[in-house]
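>>> Return atomic coordinates for the entry below.
(chains A and B)
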2 protein chains.
Amino acid sequence: METDWAETARAVRAAGRAVAAAGAEARSEALRRVAAALRSRTGDLLEENAADLAAAREGGLAAPLLSRLGLTASKLSGLAEGLERIAAAPDPVGRYLRKTELAPGLILEHQTAPLGVVLVIFESRPDALPQIAGLALRSGNGLLLKGGAEAARSNAALAEVIREALAPLPAAAVTLAASRADVARLLALDDCIDLVVPRGSSAMVRAIQGATRIPVLGHADGVCHVYVHSAADLERAAAIAVDAKADYPAACNAMETLLLDRVLVERGAARVLDALRAAGVALHAGSDCPWTLPPAPALHHEYGDLACTVQVVDGVRGAVEHVGRHGSGHTDAIVTEDDAAARQFLDQVDSACVFVNASTRFADGARFGLGAEVGVSTSRIGARGPVGVDGLLTTKWRLTGRGDTVAPFSRGERAFTWRPLDPAG
Amino acid sequence: METDWAETARAVRAAGRAVAAAGAEARSEALRRVAAALRSRTGDLLEENAADLAAAREGGLAAPLLSRLGLTASKLSGLAEGLERIAAAPDPVGRYLRKTELAPGLILEHQTAPLGVVLVIFESRPDALPQIAGLALRSGNGLLLKGGAEAARSNAALAEVIREALAPLPAAAVTLAASRADVARLLALDDCIDLVVPRGSSAMVRAIQGATRIPVLGHADGVCHVYVHSAADLERAAAIAVDAKADYPAACNAMETLLLDRVLVERGAARVLDALRAAGVALHAGSDCPWTLPPAPALHHEYGDLACTVQVVDGVRGAVEHVGRHGSGHTDAIVTEDDAAARQFLDQVDSACVFVNASTRFADGARFGLGAEVGVSTSRIGARGPVGVDGLLTTKWRLTGRGDTVAPFSRGERAFTWRPLDPAG
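Reported below is the predicted structural model:
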């Protein structure tokens, strides 16, 4: 029998509401129970994961994917600790954004509220499941999950452990979708699902963005730039460029294009290029590059590997223009000792993250101190940049009166005061 | 020759960036120049408006639409004052949301930033044009405008006055699109336009939502509820129900359905129903209604007129369920003297605005004290409820270091401090 996903999504929403209504402490306790269950059920979970791994090996899955697929006792224990940290963090639901007396006796409150139903679609890594479930439960949301086929048994086992540990909160708050066909049906439910969070390759994110009317939190690509300004400290520039590319070449916040100020072509640039070469980075020539290098496939190109494009630009203005035209609005950095140039770059580069004298690799929820990360968003509506639990929240306006009507205000018999109030009061 | 709207949108974005880069004071001054121009060019503007009005009368436009189309010297002077208020308000761009020391010398700032390009589509009312232009310019955005055909001459004249007054800021920051065909082309530019704000009928908003992948700020309908709880003060309930429906029956925040607690059917309900009847409200029976009334067309129905549906529900739980199933997530109110019932309704009703003992008509940017209103949003991603200038902003993360790289943190040689800093410092 076919699953009626609209019906399922409504059940997930109702369960999410029950989780939200249970209150902050009940949600924290549920997360602690889930953490304990991950520890006590480690044997079962590893057994299911071993079956996935065996099938994947037989199917010839590449080694890096196998390592992402694999669970270990220490990974599970780390996940349990993560859930306990989320449980101990302040409750994100009902946080005051504003409190105002509109008129005597008429109090307006603007507070955070759960989004409702979040659909998370992730590839291979089963350890994403408990993490995202923790964030969703903490923020009072219902969660629909779709994992990769290669992790099917691991995901099913993880979901089951979590659902059992939720009681007395409703298990439907964490619901796992199984087949690939389900995804298309889920993505059509723009009246039942509030947010889609894809965690996987650029191709997967792009496919999802193209297939749904539901808002998507994420980024299809990360073409990040490091611009070495004429007034750069070249040691810093070399260190930042190497870190931005070589620390983790496949990361979305890794540098894909090195922008060199034209002033540096004759002297200075070599210091940075040599450092990259020494770090094993293959250099490719952009459309304006005086060195003999193999050409870059495109100015907007994500290597995802120990390689980058080298492009020469004219001043901050040239760098800003290049980033605006060929970047992906993710993270872009300038290296300079000139405050005015730094300020110009910060103001005019229109990306989610803009850095001065720091590696693009800092663009990350954990490094930003946001706690657990939902994802990195390059969209401009809703959360932008590295997104913590706030990305799973919306807001709600609450107004409490004593029988107030607008007519006396329109007639001038009553006047608005719009007096800001202390939310704690 | 056909307009290349992608090219135009890019020019609008560049102009918006120039407006943003010019700084807060330059933007304020531009708004003051626009205000002065509206006053000094009043004669020309009224002349063009008179031509639109004459054509509309000839075409048989209904009286209420004619009155919305009409400009007057006092309307123009009110618009000029509104622009001066926006110019005098604190700059919304670059407001700090968070400032953190990630590690000594590595400072993270989270600040508001312009969205980029906003497309506003409005019907008849030409006075919406200067208002929305003021909000867009103040927040450093480029603005694409599309008005109704019946206001074509008025809109063209208003846009011209504004564009002339902008200099030395680039005129392209406010660009008017002309023909109906243009709208479809503009709505296809999801890579060039960041937000669409439709200001018009439900049908128009729904058509736009269905025709674009660009985020839409608005609401297709406003099926707002007033729930009279068993512990309601019936005088307050009657006053609120009458105000919520009769103050402005066509408003999106007007009551469309009166929910009466079953306990009140035998005694109490009559007080509220009589008050509505006395105010000229035509009552219609919902699916559960013991009184002999003409049936409501549907439980989710917006009359937009002096009429409402009457439905009986069982307790707060029944009211919450009805609102969740048949409402539009806009604004819903409970009337009760019971704090626990009020809290339950506030917590469990999942609408943008939830009120206790206050008329739904308070759900409005001006009444909420937000200054000028961009619109009322029922979407859950981005701004929700009545939206002020914040709805035209996104955020940007800025990180300033001294050559910082992530590798030493990964190796444990440096540690994050995540120390909150005073944004003013």
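>>> Those residues of the stretch 51-200 of chain A touching chain B, which are they?
Residues of the stretch 51-200 of chain A found near chain B (Cβ under 8 Å from any Cβ of the partner chain) are A:T100, A:L102, A:L106, A:L108, A:A113, A:L115, A:G116, A:D194, A:L195. For every residue, glycine as well, the C-beta is placed using N, CA and C.
>>> Can you list the helices and strands that the helix or strand containing A:I121 packs against?
Following DSSP states H and E, one finds A:I121 within strand A:117-122. Judged by 3 or more Cβ pairs under 8 Å, 6 or more residues apart in numbering or on different chains; DSSP states H and E, strand A:117-122 is in contact with helix A:5-21, helix A:128-138, strand A:142-146, helix A:180-187, strand A:195-199.
>>> who touches the last one?
This points to strand A:195-199. A:115, A:117-123, A:125, A:128, A:132, A:187, A:204-205, A:208, A:212, A:214-218, A:374-375, A:391-392, B:380-381 (Cβ atoms under 8 Å, 6 or more residues apart in numbering or on different chains).
>>> Number of residues surrounding the closest residue to chain B within the stretch 51-200 of chain A?
For the stretch 51-200 of chain A, the residue closest to chain B is A:D194, as judged by Cβ to the nearest Cβ, at 5.0 Å. For A:D194, the count of nearby residues is 24 (other Cβ atoms under 10 Å in any protein chain shown).
>>> dump the residue contacts of it.
Neighbouring residues of A:D194 by Cβ under 8 Å, 6+ apart: A:L115, A:G116, A:V117, A:V118, A:I214, A:P215, A:T394, B:R380, B:I381.
>>> Likewise for A:N49?
A:L69, A:G70, A:L71, A:P126, A:R153, A:S154, A:A157.
>>> Now secondary structure and neighbour count too, for those, in JSON lines please.
JSON lines is the format used below for these (DSSP: H, G, I helix; E, B strand; the rest coil; neighbours: other Cβ atoms under 10 Å in any protein chain shown):
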{"residue": "A:L69", "secondary structure": "helix", "neighbour count": "23"}
{"residue": "A:G70", "secondary structure": "coil", "neighbour count": "20"}
{"residue": "A:L71", "secondary structure": "coil", "neighbour count": "23"}
{"residue": "A:P126", "secondary structure": "coil", "neighbour count": "29"}
{"residue": "A:R153", "secondary structure": "helix", "neighbour count": "18"}
{"residue": "A:S154", "secondary structure": "helix", "neighbour count": "28"}
{"residue": "A:A157", "secondary structure": "helix", "neighbour count": "23"}
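>>> about what we covered before: show me what the strand holding A:I121 is in contact with.
Contacts for strand A:117-122 (Cβ under 8 Å, 6+ apart): A:9, A:12-13, A:16, A:128-129, A:132, A:136, A:141-148, A:183, A:186-187, A:192-200, A:204, A:208, A:214, A:392.
>>> Stretch A:201-213 too?
Residues outside stretch A:201-213 that contact it (Cβ under 8 Å, 6+ apart) are A:121, A:123, A:184, A:187-188, A:190, A:196, A:198, A:216, A:218-221, A:302, B:213.
>>> Give the buried subset of those residues as a ChimeraX selection command.
Typed into ChimeraX, the line below selects the buried ones among the contacts of stretch A:201-213, using 16 or more other Cβ atoms under 10 Å in any protein chain shown:
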select /A:121,123,187,188,196,198,216,218,219,220,221,302
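>>> closest to B:E321 among the contacts of stretch A:201-213?
The closest of the contacts of stretch A:201-213 to B:E321 turns out to be A:D190 (Cβ to Cβ; 22.3 Å).
>>> Contacts only, for A:T394.
Counting by Cβ under 8 Å, 6+ apart, A:T394 touches A:T112, A:A113, A:P114, A:L115, A:G116, A:D194, B:R380, B:I381, B:R384.
>>> Does it belong to a helix, a strand or coil?
At A:T394, secondary structure determined by DSSP: H, G, I helix; E, B strand; the rest coil is strand.
>>> Quick check: bridge partners of it?
Counting by DSSP bridges, A:T394 is bridged to A:A113.
>>> Run a quick check on A:P290 versus A:V312, I expect a contact.
Yes. Counting by Cβ atoms under 8 Å, A:V312 is a contact partner of A:P290 at 6.8 Å.
>>> shared neighbours, these two?
By Cβ under 8 Å, 6+ apart, the residues touching both A:P290 and A:V312 are A:V265.
>>> burial count for A:A89?
With other Cβ under 10 Å as criterion, A:A89 counts 15.
>>> For it, give its distance to A:A211.
From A:A89 over to A:A211 the distance is 34 Å, taken as Cβ to Cβ, to the nearest Å.
>>> cool, and A:A128?
Computed as Cβ to Cβ, the A:A128 to A:A211 distance reads 20 Å.
>>> and what of A:E302?
21 Å.
>>> buried sites along stretch A:174-192?
Within stretch A:174-192, the residues that count as buried by 16+ other Cβ under 10 Å are A:V174, A:T175, A:L176, A:A177, A:D182, A:V183, A:R185, A:L186, A:L187, A:A188, A:L189, A:C192.
>>> Let's see the pLDDT reported for the spatially most central residue of chain A.
In chain A, the C-alpha closest to the average C-alpha coordinate belongs to A:G375, at a distance of 1.0 Å (Cα atoms, centre = their mean). A:G375 is assigned 87 on the pLDDT scale.
>>> so where do the helices sit in chain A?
In chain A, the helices defined using DSSP state H lie at A:5-21, A:24-40, A:42-58, A:63-69, A:73-88, A:128-138, A:152-166, A:180-187, A:202-211, A:234-246, A:269-278, A:315-326, A:339-348, A:407-410.
>>> close enough to count as contact, A:D261 and A:S230?
Yes. Using Cβ under 8 Å, A:D261 makes contact with A:S230 at a distance of 4.5 Å.
>>> Overlap in contacts, those two.
Joint contacts of A:D261 and A:S230 (Cβ under 8 Å, 6+ apart) are A:G315.
>>> neighbour-wise, which of the two wins?
Higher neighbour count among A:D261 and A:S230: A:D261, with 25 against 16, using other Cβ under 10 Å.
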